[in-house]
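1. Build me a structure from this.
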Amino acid sequence: MSGYQIDQIDQKILSFLVKNARMPFLEIARECGVSGAAIHQRVKKMENLGIITGSRLLVKPQTLGLSVCAFVGVSLSQANLYPEVIAALKNISEVVECHYITGKHALMLKLYCFNHDHLMEVLLNTIQKIPGIEQTETWISLDQAIERQIWVKDYANAPQHR
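-> All right, here's what the predicted structure looks like:
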């Protein structure tokens, strides 16, 4: 992404696409006051630069019966087992996110399960049996108060971190 600064039109495009990735380019073009071809070219450029990394369909887990959202802090017995632990976690469909973090735990997982029994089964019989996992700590989400993509704003004027 060397040196490319998104401008106000790019910001508008990103803002529309973050809210609705299926919004037609012609509709975005009308809102931005440019041609559809210009929108297509700008989106393609942002994809090539890695600013846009894809689009996806979002499914509300509760509509599939996944009524328990939990976060699990994972401590590793040895830091160098990280690659093996991650490989094993990738095979657990209930794990939807995994972050390598600072603090008390090495990893923070986000899981969706059907109920508390299902969560307990995944924790005891799957996650805690992975070689290299020393300990887990679990938090159950009672409500998701905020859910959104990155806030698209004037990042061109933000401090640059290299």
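2. what's next to stretch 68-83, contact-wise?
-> Residues outside stretch 68-83 that contact it (Cβ atoms under 8 Å, 6 or more residues apart in numbering) are 61, 85, 100, 104-116, 118-119, 123, 127, 131-141, 144. C-beta: built from backbone N, CA, C; applies to glycine.
3. what's the answer for stretch 29-43, then?
-> With Cβ under 8 Å, 6+ apart as the test, stretch 29-43 has contacts from I9, D10, K12, I13, F16, L17, F25, L26, I28, I52.
4. For that stretch, buried residues please.
-> Residues of stretch 29-43 classed as buried: A29, C32, V34, A38, I39, R42, V43 (neighbour count, 16 or more other Cβ atoms under 10 Å).
5. Now the helix or strand hosting the first one: average pLDDT?
-> Assignment of secondary structure by DSSP states H and E places A29 within helix 25-32. Along helix 25-32, the predicted confidence averages to a pLDDT of 95.
6. Neighbour-wise, give me the winner out of the contacts of stretch 29-43.
-> Neighbour tally across those (other Cβ atoms under 10 Å): the maximum, 26 neighbours, falls on I13.
7. List the beta-bridge partners for the residue most central in space within the chain.
-> For the chain, the residue nearest the mean C-alpha position is E97 (6.9 Å; Cα atoms, centre = their mean). Per DSSP bridges, the residues bridged to E97 are K110.
8. so how far is Q62 from Q144?
-> Counting by Cβ to Cβ, to the nearest Å, the gap from Q144 to Q62 is 10 Å.
9. oh, I was asking about G50
-> 32 Å.
10. So between these two, which is more surrounded?
-> Just comparing G50 and Q62: by other Cβ under 10 Å the higher neighbour count belongs to Q62, 12 against 9.
11. that's a helix at that one, yeah?
-> Yes - under DSSP: H, G, I helix; E, B strand; the rest coil, Q62 sits within a helix.
12. Tabulate the CA atom coordinates of the helix holding A29 in CSV.
-> Extracted C-alpha coordinates of helix 25-32, given in CSV (Å, rounded to 0.1, in the frame of the first residue of the first chain):
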residue,chain,number,x,y,z
PHE,A,25,-21.6,0.3,-8.5
LEU,A,26,-24.0,2.5,-10.5
GLU,A,27,-25.9,3.4,-7.4
ILE,A,28,-22.6,4.2,-5.6
ALA,A,29,-21.5,6.2,-8.7
ARG,A,30,-24.7,8.3,-8.5
GLU,A,31,-24.1,9.0,-4.8
CYS,A,32,-20.5,10.0,-5.4
